[in-house]
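1. Just to be clear, the model below is a prediction. Sequence and coordinates:
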Amino acid sequence: MADAAESHGGGNEPQRVLEFYSGIGGMRYSLIRAGVKAQVVEAFEINDRANDVYEHNFGHRPYQGNIQCLTAADLDGYGADAWLLSPPCQPYTRQGLQKDTGDARAFSFLQILELMPFLLKPPSLLFVENVVGFETSDTHAKLIEILDRTNFVTQEFILSPLQFGIPYSRPRYFCLAKRKPYSFVNEIWNRQLIQSPGPLYEHFDTAFIEDDLSQEDRHKLLQSCQPIESFLELKNPSNNIEAESATLGKGDDNVCDSLQQYYVPLSLVERWGSAMDVVYPDSKRCCCFTKSYYRYVKGTGSLLATVQPEKRDKASLKEQCLRYFTPREVANIHSFPEDFKFPDHISLKQRYALLGNSLSIAVVAPLLQYLFANPQ
Ligand SMILES: C[S@@+](CC[C@H](N)C(=O)[O-])C[C@H]1O[C@@H](n2cnc3c(N)ncnc32)[C@H](O)[C@@H]1O
């Protein structure tokens with residue numbers, strides 16, 4: 001991991017990090033990309049398949065148990081400086097029942113929070129990622145109440161990869177917390193919910209930011225993103241499925257040995273076409289890939305037109321040979337590094353599910369860099 005002289009703590013020892021709900025390691029990749037001097041001393045994840053992928057890439061198998069069963073003594077035992085947490089989102093999603101603290105999937109996170117006042121060695125830094133909607137939940141109120149009580153200052157963000165040059169709409173909520181006497185570089189944002197990446201950069205010292213972008217600003221933001229084409233395994237889509245399959249088959253990813261499996265059946269196009277989000281290689285935006293991508297077509301992520309019609313608004317979808325983005329392409333859009341790989345036994349549906357649960361490294365890395373920066 002790259003060294004950062006100005007990182008939190010300033011000493012020579014790397015910061016000791018605990019990664020909760022580690023999934024396929026999006027947080028750990030973000031930490032590496034942030035270049036902070038940190039070491040993940042343990043990761044916690046209940047899902048066997050996710051742990052297979054994590055182990056395959058990092059050579060360490062996360063602690064495979066229920067986070068809800070961890071005690072204050074267990075946590076003190078790690079002597080961690082920082083906790084990174086991306087708890088399950090379902091209790092707070094708009095599509096879900098929004099049962100919030102009443103949802104069993106929220107229990108482990110609430111349990112961890114409630115242990116905080118009893119820790120002999122609480123962390124100095126804390127980072128939480130979740131869906132938009134979390135910020136108005138009872139669980140959020142509990143998080144802020146406990147952080148206040150245990151001497152943390154917080155800054156909260158809602159940010160999307162689109163704000164970092166990635167053509168991907170995946171706004172997410174982030175809570176950054178530092179235990180006093182540590183403080184943020186830009187203290188004027190304490191206790192605020194910020195919707196711009198500006199405060200993450202040291203030179204950004206204005207107290208005013210425009211959260212509500214004008215139409216014109218939104219357009220400029222989209223235009224500044226790279227095109228979808230830059231994230232594709234196949235740069236020149238054509239209708240020649242066999243030729244494309246051969247190209248894909250050269251990779252070491254055995255699931256990708258047939259491009260045929262990525263084409264959307266015409267029966268689905270006929271039935272759900274009007275609800276599909278279709279993008280083109282030159283598009284500067286695509287929709288959030290969820291864990292149900294490939295299992296359902298409606299609202300789970302964008303589909304790629306492999307045949308470019310002359311007039312997009314008039315062309316029939318059936319002629320555009322729609323295909324799903326491959327797992328590697330979804331990983332690219334999530335800004336995972338090239339050397340990230342799935343072990344062979346992970347099925348296609350599992351790959352999409354694990355990626356859909358993960359996060360955008362392009363967004364989380366600068367947030368972690370800001371969190372770990374230690375102002376003088
Ligand atoms: C939103 S995902 C986080 C994904 C992760 N950040 C990544 O990059 O892949 C939440 C993860 O928490 C795991 N999980 C949910 N409840 C858990 C619990 N009680 N104990 C341990 N892991 C849990 C799920 O299996 C899932 O992988």
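-> Happy to help now that I have it. This one's a predicted model, so the numbers in the text were calculated from it and none came from an experiment.
2. C-alpha from now on. contacts and neighbour counts both.
-> OK.
3. Pretty sure L193 sits against Y173.
-> No: at 9.2 Å, L193 does not count as touching Y173 under the criterion of CA atoms under 8 Å.
4. what residues are shared contacts of those two?
-> E156, F157, I158 (CA atoms under 8 Å, 6 or more residues apart in numbering).
5. any chance you could map the strands in the chain?
-> 15-20, 38-44, 82-85, 125-131, 152-159, 172-179, 193-194, 278-279, 303-305, 322-324 (DSSP state E).
6. is it true that I346 touches R49?
-> Yes: I346 is within contact range of R49, at 7.2 Å (criterion: CA under 8 Å).
7. Give me the more crowded residue out of these two.
-> Using other CA atoms under 10 Å as the criterion, I346 and R49 rank with R49 on top: 19 against 15.
8. can you tell me how far the more buried one sits from S183?
-> Look at R49 and S183: by CA to CA, to the nearest Å, they are 38 Å apart.
9. what's the burial count for V128?
-> 17.
10. contacting residues for it?
-> L84, L85, S86, P87, F174, C175, L176.
11. Close to the ligand: what parts of this structure are there?
-> 21-27, 44-47, 65-68, 86-89, 105, 108, 357-359 (CA under 6 Å from any ligand atom).
12. For this protein, which segments count as helices?
-> 26-34, 48-58, 72-78, 107-115, 138-149, 215-223, 241-249, 266-272, 327-333, 348-357, 361-372 (DSSP state H).
13. could you give the angle of the first one to strand 38-44?
-> Yep, that's helix 26-34 we're talking about. Orientation note: helix 26-34 sits at an angle of 180 degrees relative to strand 38-44 (axes from the mean of the first three to the mean of the last three CA atoms, to 10 degrees).
14. packing partners for helix 26-34?
-> helix 361-372 (3 or more CA pairs under 8 Å, 6 or more residues apart in numbering; DSSP states H and E).
15. Pull the residues that contact the helix it packs on.
-> So helix 361-372 is contacted by 7-8, 26-27, 29-36, 125, 127, 159-161, 164, 166, 176-178, 184-185, 200-201, 334-336 (CA under 8 Å, 6+ apart).
16. repeat for stretch 23-37
-> 1-4, 7, 13-15, 19, 38, 40, 45, 47, 50-51, 53-54, 84, 336-337, 354-355, 357-362, 364-366, 368-369, 372.
17. what about the residue of the stretch 101-250 of the chain found nearest the ligand, how many neighbours?
-> Residue of the stretch 101-250 of the chain nearest the ligand, by CA to the nearest ligand atom: S108 (4.9 Å). Around S108 there are 17 other residues, counting by other CA under 10 Å.
18. That one contacts L70, correct?
-> No: with contact defined as CA under 8 Å, S108 does not count as touching L70 (9.0 Å).
19. So which bits of stretch 360-376 are buried?
-> Residues 360-375 are the ones in stretch 360-376 that count as buried (16 or more other CA atoms under 10 Å).
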